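Enquirer: Structure of the sequence below:
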Amino acid sequence: MKILIVGPSWVGDSVMAQSLYKRIKKEEPSSKIDVIAPAWSLSLLDRMPEVDKKIASPFAHGDIKIYERFKLGKKLKEEGYDRSIVLTNSFKSAFVPFFAEIKVRTGWLGEFRYGLINDIRASKKLKKSLMVEKFSALSLSNETFSLENLSLPKLEIDSTNLTSLVEKNIIEKEIPTLALCPGAEFGPSKRWPSEYYSEIAKTYVSQGWNVLCIGSKNDENIGVEIENTNNLSHEKKFINLIGKTSLLDAIDLLAYTNKVVTNDSGLMHIAAAVGTPLVALYGPSSPEYTPPLIDKKQILRKMDGYKKVRYGTSEKGYHQSLVDISPEEVLIALEAL
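Expert: Numbering: from 1, shown residues only. Next up, the predicted model:
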């Protein structure tokens, strides 16, 4: 069986989708899984052995481009897919499998996608389920799975690349390493303040740890703020790698570290998927739906419920509930790991 999966847009969701790929391979070991993913998360699939082929999506966030989707669908028709699974809810995301004339097109109803999706799965009973459970419920068997019955995401590590990264960035091998992931692509409402991260870095450097700051180019200003708050640029054990590594590099570095402090972000899910103990800091997003899928974790949060907001009302767009989490609380949580 040959399956085309329209993957999620966000890095964290893309990590959690691996549980679905594992479920499919368990249900149909000889199946071939091809995944369409956006450029910013495409390389992640290289670390998932369940994925046979990755296909770059040419569409940016919000692009409709029906004709371009039609052309891609007709091109993919030649691949002879037996079924497709659409992991996102948008109307436009279901066009490519439809235009590819794939016979069985599985997904949620989403934005009233009658016809585009012809194997519509019931979502009401999964309303309060974890995202990883919702993804896995789109498997071939049309069953629902609790977290205890799922194969959790587990990304492969490139040891050769890791050795190169350690040597290139002069990371001392003889001492433990803490990683800080201070960014959040969704917006500043999901970010713990930079000056707080700087306090954590200062404390751990003074205790003889390496401290790595990891993030994308979009987070470069955050790394500078962390450095400048406590004049950390003069500390050899503090290494600011924000904007200087690829997504694959981040996977390997997070696997190398002993502990991680992270916002609710794609890197949080990557850290969990490589098995590194972590402290996860939540604001308006909720660990009830997208928690780090790892046992060794501490989750800190100062509010209940869920609010989808990109900008909080505090300085720099922070959400007040994250501002209310003190560095001292995070240090205690790190010690508890």
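
Enquirer: Isn't residue 45 up against residue 35?
Expert: Yes: taking CB atoms under 8 Å as the definition, residue 45 is a contact partner of residue 35 at 5.7 Å. Yep, even glycine has a C-beta here, placed from its N, CA and C like the rest.

Enquirer: More neighbours: which of the two?
Expert: More crowded of residue 45 and residue 35, by other CB atoms under 10 Å: residue 35, with 27 against 22.

Enquirer: and the more buried one, what helix or strand is that in?
Expert: strand 32-38 (DSSP states H and E).

Enquirer: show me what contacts residue 7?
Expert: When contacts are counted by CB atoms under 8 Å, 6 or more residues apart in numbering, residue 7 touches 14, 17, 35-37, 41, 45, 87.

Enquirer: okay if I get those as TSV plus pLDDT and distance to residue 230?
Expert: Formatted as TSV, the contacts of residue 7 follow (pLDDT from 0 to 100; distance: CB to CB, whole Å):
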residue	pLDDT	distance to residue 230
14	97	34
17	97	38
35	98	42
36	97	44
37	94	38
41	91	33
45	97	38
87	96	42
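
Enquirer: quick one: low-confidence parts of the stretch 151-300 of the chain?
Expert: Of all residues in the stretch 151-300 of the chain, none has pLDDT under 70.

Enquirer: can you list the domain ranges for the chain.
Expert: 2-145, 159-336 (automatic domain parsing).

Enquirer: what are the ranges of the helices in the stretch 101-250 of the chain?
Expert: 131-136, 159-168, 194-206, 220-229, 247-256 (DSSP state H, counting those that start in this stretch).

Enquirer: still on that earlier bit, please convert the domains of the chain to JSON lines, extending it with distance to residue 152.
Expert: As requested, the domains of the chain are exported to JSON lines (distance: least, CB to CB, whole Å):
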{"stretch": "domain 2-145", "distance to residue 152": "6"}
{"stretch": "domain 159-336", "distance to residue 152": "5"}
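
Enquirer: just so I know, which of those lies nearest residue 151?
Expert: domain 2-145 (4.0 Å; CB to CB).

Enquirer: how far is that closest one from where the chain is centred?
Expert: 16 Å (CA atoms, centre = their mean, to the nearest Å).

Enquirer: do stretch 248-260 as well
Expert: Offset of stretch 248-260 from its chain centre (CA atoms, centre = their mean): 14 Å.

Enquirer: mind starting the numbering at 268 from now?
Expert: Sure, I'll start numbering at 268, so the last one becomes stretch 515-527.

Enquirer: list the buried ones in it?
Expert: Burial within stretch 515-527, assessed by neighbour count using 16 or more other CB atoms under 10 Å, is assigned to 515-524, 526-527.

Enquirer: Stretch 268-281 spans what distance, first to last residue?
Expert: Using CA to CA, to the nearest Å, the end-to-end distance of stretch 268-281 comes to 22 Å.

Enquirer: now do stretch 270-281
Expert: 17 Å.

Enquirer: Then stretch 560-576?
Expert: With CA to CA, one end of stretch 560-576 sits 23 Å from the other.

Enquirer: got a list of what residue 428 touches?
Expert: Counting by CB under 8 Å, 6+ apart, residue 428 touches 515-516, 519.

Enquirer: could I get those as TSV with distance to residue 508?
Expert: Compiled in TSV, the contacts of residue 428 are given as follows (distance: CB to CB, whole Å):
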residue	distance to residue 508
515	13
516	8
519	12
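
Enquirer: how far does stretch 293-308 stretch from start to finish?
Expert: Using CA to CA, one end of stretch 293-308 lies 24 Å from the other.

Enquirer: what comes up buried for it?
Expert: 295, 298-305, 307-308.

Enquirer: for stretch 492-500, same thing?
Expert: Buried residues in stretch 492-500, counted by 16+ other CB under 10 Å: 492-494, 496-497, 499.

Enquirer: How about stretch 433-442?
Expert: 433, 436, 438.

Enquirer: Please work out how many residues are found near the residue nearest to the last one when sequence neighbours are not counted.
Expert: The spatial neighbour of residue 438 that comes closest, neighbours along the chain excluded (CB to CB, 6 or more residues apart in numbering), is residue 477 at 5.6 Å. Residue crowding around residue 477 was assessed by other CB under 10 Å; the count is 25.

Enquirer: Quick check, residue 477 in contact with residue 503.
Expert: No: counting by CB under 8 Å, residue 477 stays clear of residue 503, with 9.1 Å between them.

Enquirer: count of residues packed around residue 592?
Expert: Residues contacting residue 592 under the criterion other CB under 10 Å number 20.

Enquirer: how close does it get to residue 432?
Expert: Distance of residue 592 to residue 432, computed by CB to CB, to the nearest Å: 30 Å.

Enquirer: that older thread, so can I have JSON lines of the helices of the stretch 368-517 of the chain showing distance to residue 446?
Expert: Shown next, in JSON lines, are the helices of the stretch 368-517 of the chain (distance: least, CB to CB, whole Å):
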{"stretch": "helix 398-403", "distance to residue 446": "23"}
{"stretch": "helix 426-435", "distance to residue 446": "12"}
{"stretch": "helix 461-473", "distance to residue 446": "10"}
{"stretch": "helix 487-496", "distance to residue 446": "13"}
{"stretch": "helix 514-523", "distance to residue 446": "6"}
